[in-house]
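Trainee: A predicted structure for the sequence below; I have some questions about it.
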Amino acid sequence: MEQTIERIKSTQLQERVIDADVAASWIQDGMTLGLSGFTRAGDAKAVPLALIKRAETESFKVNVFTGASLGSDIDKLFAEAGIVNKRLPFQADPVMRRKINEGEMLFVDHHLSQTAEWIKAGVIEPIDFAIIEALSITEDGLIIPTTSVGNSALFVQYAKNVIVEINTAQPALFEGIHDVYDTGKQGDRPPIPLTEVDDRIGVPGIPVDLEKIRGIVFTEQKDSPSTIVPSDEETEIMAGHLLEFLRSEVRAGRLTKKLAPLQSGIGSVANSVLQGLIDSEFEDLEVYSEVLQDAVFDLIDAGKVRVASSSSITLSQQKMEQVYSNFEKYRDKIILRPQEISNHPEVIRRLGLISINTALEFDIYGNVNSTHVSGTKMMNGIGGSGDFARNARLSIFVTKSIAKGGKISSVVPFATHIDHTEHDVDIVVTEQGYADLRGLAPRERAALIIENCVHPMYKEQMRAYYAEALTRGGQTPHVLEKAFSWHAKLAQTGTML
Ligand code: COA
């Protein structure tokens, strides 16, 4: 009871504490759920797990909308239980990936900033239950989120019912780091008043109509740690190329040692690239991203980062223990915002971000595929990469030049699926080098990419393709019948070579 009073300030709400099983029993076949959770951080845990347990004895399906990927194996267990009809906007679980690719569940892959617009406009299924992890609920009706904000505020505002999971294992010191702002509806919206990375423009929690809160569940379960693997020789080389590029921008007078607010995508490569800034001359850096990985906290420790704004914090086990037990040290440098704001095109364009995301493959003209292996099989989803790439000051994509021990070239004649067109891609980086594509015509782009980014194993093959393409002419020369021949060969023989 003491815990209830401490975490739920409204006496009216204190009576609504229930078991997760009871909350899960309210969810009916065909409903749509809006779950908190963004890149394994701040996900609702107890009620989804209770729902998965219910599937052992009952047959039903629900739509699952979230901020981004879920932790605690919930996406995996949802997929195994077969209870998801439609999932959006992002997932990163191997089992769910398999079910999506086998056609057993539907997946809508879209820009993370856009779920908010679709829900506000009534384009997608209305939310029956928002299930939101929280630290507490204040007297005046603010749900204080935990390690992510994601789409939680939106789900709470638009859902018919709200279930709150108060997680006592999450760091209480997070209270105060959130900044929740509602943009309103399109067509009736003032400019977002965010002009500096550390501007606070909203309120420190999610406003909720107390009547909508059907139940409150107590949990005590930490977030799942991130799965990033440490830097390797190639990612360090890539980080070196990127630093070389940034230095050339400083020499050209287009950037200063402060650079510009940095966004870095999920995954090992992006983390390693940020790590590369630690021993650099760059200082007083700002981060404006959707997720903060280990490297951002290493940069804060090194005195390099002044402030970091994002929608979630996703850390490795070791980093999580270190950061959460010393959070006082980081508290005034971190702001967590709804993903509609962290990824908002208006804000990204205004702040002039340097955006670093990872490609699965890119082609000789700079079109990037971030999502579909060989053009058909979903990997994770576009996530926020499109929000950032199209609107950033510098849109940078990194990838190793080969995958699977060299059987795959990540630079290809024609990307088999295009998430980021040549118009949204400024710089591409592999361990071989970088190509600055700004201001270049397609023929200039192709020549530079082939020379600077393609692995030596594939260089002759690529030069031959491009030489033949040039004989066909065109603004963007291709040999159409051979454009996907590398992927076809991979499917037939197991290698693109
Ligand atoms: N074809 C097929 N597979 C490829 C490939 C290619 N061209 N390039 C890489 N891969 C494989 C790797 O071999 C690896 O496989 P494994 O898991 O079996 O080892 C896997 O893809 C991941 O590649 P890796 O090089 O380890 O990169 P990563 O962990 O940084 O992930 C993305 C890369 C593209 C999958 C990931 O960044 C992503 O999902 N991006 C889209 C979302 C996004 O960018 N969000 C940005 C804002 S957070």
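Mentor: Nice, I can see it. Numbering: from 1, shown residues only.
Trainee: can you pull the residues of the chain lying near the ligand?
Mentor: With the criterion set to C-beta under 6 Å from any ligand atom, the chain comes near the ligand through 265-269, 290-291, 357-358, 360-361, 370, 373, 379-380, 382-385, 400, 403-404, 408, 410. In short, each C-beta sits where N, CA and C put it, glycine included.
Trainee: how far off centre is stretch 91-107?
Mentor: When C-alpha coordinates are averaged (C-alpha atoms, centre = their mean, to the nearest Å), stretch 91-107 and its chain have centres 17 Å apart.
Trainee: start and end of it, how far apart?
Mentor: One end of stretch 91-107 sits 9 Å from the other (C-alpha to C-alpha, to the nearest Å).
Trainee: now do stretch 290-299
Mentor: 17 Å.
Trainee: from the residues of the chain next to the ligand, list the buried ones, please.
Mentor: Neighbour-count burial (16 or more other C-beta atoms under 10 Å) applied to those gives 265-269, 290-291, 357-358, 360-361, 370, 373, 379-380, 382-385, 400, 408, 410.
Trainee: can you tell me which of the residues you listed are in strands?
Mentor: The strands, defined by DSSP state E, take in 291, 357, 358, 361, 373, 408 from these.
Trainee: with residue 272 as the reference, measure out to the fourth one.
Mentor: Read that as residue 361. Distance, residue 361 to residue 272, by C-beta to C-beta, to the nearest Å: 19 Å.
Trainee: same question for the fifth one.
Mentor: Between residue 373 and residue 272 the distance is 22 Å, computed by C-beta to C-beta.
Trainee: then the third one?
Mentor: Using C-beta to C-beta, one obtains 10 Å as the distance from residue 358 to residue 272.
Trainee: so where is the stretch 351-497 of the chain shaky, pLDDT-wise?
Mentor: Scanning the stretch 351-497 of the chain for pLDDT under 70 picks out nothing.
Trainee: residue boundaries of the strands in it?
Mentor: Ranges of strands within the stretch 351-497 of the chain are 354-358, 361-363, 368-369, 372-373, 377-378, 394-398, 402-403, 408-409, 411-412, 427-430, 433-436, based on DSSP state E, counting those that start in this stretch.
Trainee: redo these as a markdown table? Include distance to residue 43.
Mentor: Output for the strands of the stretch 351-497 of the chain, formatted as a markdown table (distance: least, C-beta to C-beta, whole Å):
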| stretch | distance to residue 43 |
| --- | --- |
| strand 354-358 | 23 |
| strand 361-363 | 30 |
| strand 368-369 | 28 |
| strand 372-373 | 25 |
| strand 377-378 | 20 |
| strand 394-398 | 28 |
| strand 402-403 | 29 |
| strand 408-409 | 32 |
| strand 411-412 | 35 |
| strand 427-430 | 32 |
| strand 433-436 | 36 |
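Trainee: ok, back up a step: residue 167: which of the ones in strands among the buried ones among the residues of the chain next to the ligand is nearest?
Mentor: The closest of these to residue 167 turns out to be residue 291 (C-beta to C-beta; 19.0 Å).
Trainee: quick check, pLDDT for the closest one.
Mentor: Residue 291 is assigned 96 on the pLDDT scale.
Trainee: how far away is the residue lying closest to it once chain neighbours are set aside from residue 167?
Mentor: Spatial nearest neighbour of residue 291, chain neighbours left out: residue 39 (4.6 Å); criterion: C-beta to C-beta, 6 or more residues apart in numbering. Using C-beta to C-beta, one obtains 17 Å as the distance from residue 39 to residue 167.
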